[in-house]
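In: One predicted model, sequence on top.
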Amino acid sequence: APHVMCSSPAFKSLFLLAVEATSLPTLDPVRSAVKFLEVLLQPGEKALHSPVWQMHRPKVDEVVHLHGETLLAMVLVALAETCPRMMYRGLSGLVYLLLSMYPTKFSPWFLHVMQSPEFPTASTATLLPEKDRSIICSAALCTPPLPRQRFEALFSDFAAICRREATSDVLIAYQM
């Protein structure tokens, strides 16, 4: 029912609610938010080309253009700090969808978030040295983009480094 959801005055609020839910520490809300956002960003090949989605795609694009950087920031903070480990791949896939669906917007959003002195937050800022940030930025923004599985692995490694589950050594693979 994309026509009902996208034409609703509550659409922007639903989008923002899903964005906020990505940073929760419990599995089910994060999983539901990721699924909702995935379907909005890339509803599937058949649905993407349907007349209904074609008609409502501008509304989705408008909301993403306005709040995409916030979504990206929330997902990256969730990966660095709050999301359940089981959601590393799901949230990393959401970052990949932002890159693939909004490539011209993604790079400035990503660099702004990653270079922000408040990122991740004060509790983990010492866990992501400048050298690691640089490697992650280079790998995430390389041309051509990393294949989806490799991209998701990069952000799973990013999460593990921020949470002290891995060392910066895992980033060596992305420098080659």
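Out: That came through fine.

In: Please enumerate the helices of this structure.
Out: Assigned by DSSP state H, the helices in the chain fall at 2-7, 11-21, 27-41, 45-48, 51-77, 88-101, 103-114, 130-140, 148-162.

In: so which of these gets nearest residue 173?
Out: Ranking those by proximity to residue 173 (C-beta to C-beta) places helix 148-162 first, at 8.3 Å. Glycine gets a C-beta too; all of them are placed from N, C-alpha and C.

In: The closest residue to residue 59 other than its chain neighbours and residue 43, how far apart?
Out: Nearest residue to residue 59, sequence neighbours excluded (C-beta to C-beta, 6 or more residues apart in numbering): residue 6, at 4.6 Å. Using C-beta to C-beta, to the nearest Å, residue 6 is found at 11 Å from residue 43.

In: thinking again about what came up before, possible to save the helices of the chain as a markdown table with mean pLDDT and mean neighbour count?
Out: As requested, the helices of the chain are exported to a markdown table (pLDDT from 0 to 100; neighbours: other C-beta atoms under 10 Å):
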| stretch | mean pLDDT | mean neighbour count |
| --- | --- | --- |
| helix 2-7 | 74 | 15 |
| helix 11-21 | 95 | 17 |
| helix 27-41 | 95 | 18 |
| helix 45-48 | 83 | 10 |
| helix 51-77 | 93 | 17 |
| helix 88-101 | 97 | 21 |
| helix 103-114 | 95 | 15 |
| helix 130-140 | 92 | 16 |
| helix 148-162 | 95 | 20 |
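
In: right, and these - which one's nearest residue 176?
Out: The closest of the helices of the chain to residue 176 is helix 130-140. By C-beta to C-beta, the value is 10.1 Å.

In: who's in contact with that closest one?
Out: Contacts with helix 130-140, where a contact means C-beta atoms under 8 Å, 6 or more residues apart in numbering, come from 95, 99, 110-111, 114-115, 146, 151, 154-155, 158, 161, 168, 171, 174-175.
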